[in-house]
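K.L.:
coordinates only, sequence not included:
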Ligand code: C2E
Ligand code: MG
Ligand code: MG
Ligand code: MG
């Protein structure tokens, strides 16, 4: 069934996208195999509350390796899966897997799991019903789930986006804006959206300690987010200097290699037992 869906989308998108390279076509059929035999994986990366120093939530990140164990980066295969429509079955799998794993995560003290969504998933007619169904099937309380959307998803078809966001909020499912600062939405627009969190893109954090303009931008985003009542997560935190600055600016949460890399569920559960972070 998933295969069927993938094929239909593929036909649709080949008409749209003129140039799919030969290697993309091979990759696409390998990805279809991975979807069909459920060999995709989810890794989890901790998100740290700067106030308590504790891990409060985790982000689910998809992982894919070929049969010879070559890992393909999501930066490569997610855009491909979006272009072919394969993100629909792959994303549905990730959502359900994350909710399933959340039982163990919650028992280990994690409040919620954040799942990334693509535009194609979010703008589907039955998107909200699909979320409901997954929550029911996996017996997941809605406040154990957070959805990460990019600014561009919300900019496309804004009316639909706002009504879906409102339904999610009424249901108690949190929504975070991912990669914030890389789009063009601006904060005044955000004020009108029913979202709860911003994730400042790693592009602004990477050189934070060396760049006064990145400091100004980051501080500005944090200040304005606070004024409109949004929580802020800094992505890609790698150094103690970055943490010091982020705390000084009033940033609530951080995520990055400094704390932990994305890892399989089993590793994370061990990590949580042993971790006595910052
Ligand atoms: P994202 O949602 O912004 O995820 C954060 C990315 O930053 C992850 O890359 C993570 O491994 C990486 N990262 C976290 N901390 C650090 C750090 O300190 N330094 C550096 N250099 N990188 C850090 P990853 O796992 O390669 O994923 C890339 C992107 O692929 C994600 O960006 C997201 O847009 C997309 N993606 C991943 N999984 C899914 C999924 O299940 N569904 C959808 N639709 N997209 C996904
Ligand atoms: Mg994300
Ligand atoms: Mg991000
Ligand atoms: Mg990103």
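P.N.:
That came through fine. Note that the coordinates shown come from a computational prediction; the quantities given were computed from them, not determined experimentally. Ligands and ions are numbered 1, 2, ... in the order given.
K.L.:
Would you map the strands across this protein?
P.N.:
41-49, 54-65, 71-72, 112-116, 145-150, 174-180, 197-200, 231-234, 253-254 (DSSP state E).
K.L.:
Tell me which of those strands lies nearest to residue 34.
P.N.:
Among these, the nearest to residue 34 by CB to CB is strand 54-65 (5.8 Å). C-beta here means a position set from N, CA and C on the backbone, and glycine is covered the same way.
K.L.:
How about the closest one, which residues are buried there?
P.N.:
Neighbour-count burial for strand 54-65 flags 54-62, 64 (criterion: 16 or more other CB atoms under 10 Å).
K.L.:
Pipe those residues into JSON lines and attach distance to ligand 1 and pLDDT per row.
P.N.:
Converted to JSON lines, the buried residues of strand 54-65 look like this (distance: CB to the nearest ligand atom, whole Å; pLDDT from 0 to 100):
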{"residue": "54", "distance to ligand 1": "18", "pLDDT": "95"}
{"residue": "55", "distance to ligand 1": "14", "pLDDT": "96"}
{"residue": "56", "distance to ligand 1": "16", "pLDDT": "96"}
{"residue": "57", "distance to ligand 1": "13", "pLDDT": "98"}
{"residue": "58", "distance to ligand 1": "12", "pLDDT": "98"}
{"residue": "59", "distance to ligand 1": "6", "pLDDT": "98"}
{"residue": "60", "distance to ligand 1": "6", "pLDDT": "98"}
{"residue": "61", "distance to ligand 1": "4", "pLDDT": "98"}
{"residue": "62", "distance to ligand 1": "4", "pLDDT": "98"}
{"residue": "64", "distance to ligand 1": "10", "pLDDT": "97"}
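K.L.:
can you redo these as CSV with distance to ligand 3?
P.N.:
Output for those, formatted as CSV (distance: CB to the ion, whole Å):
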residue, distance to ligand 3
54, 21
55, 18
56, 17
57, 14
58, 14
59, 8
60, 12
61, 10
62, 13
64, 18
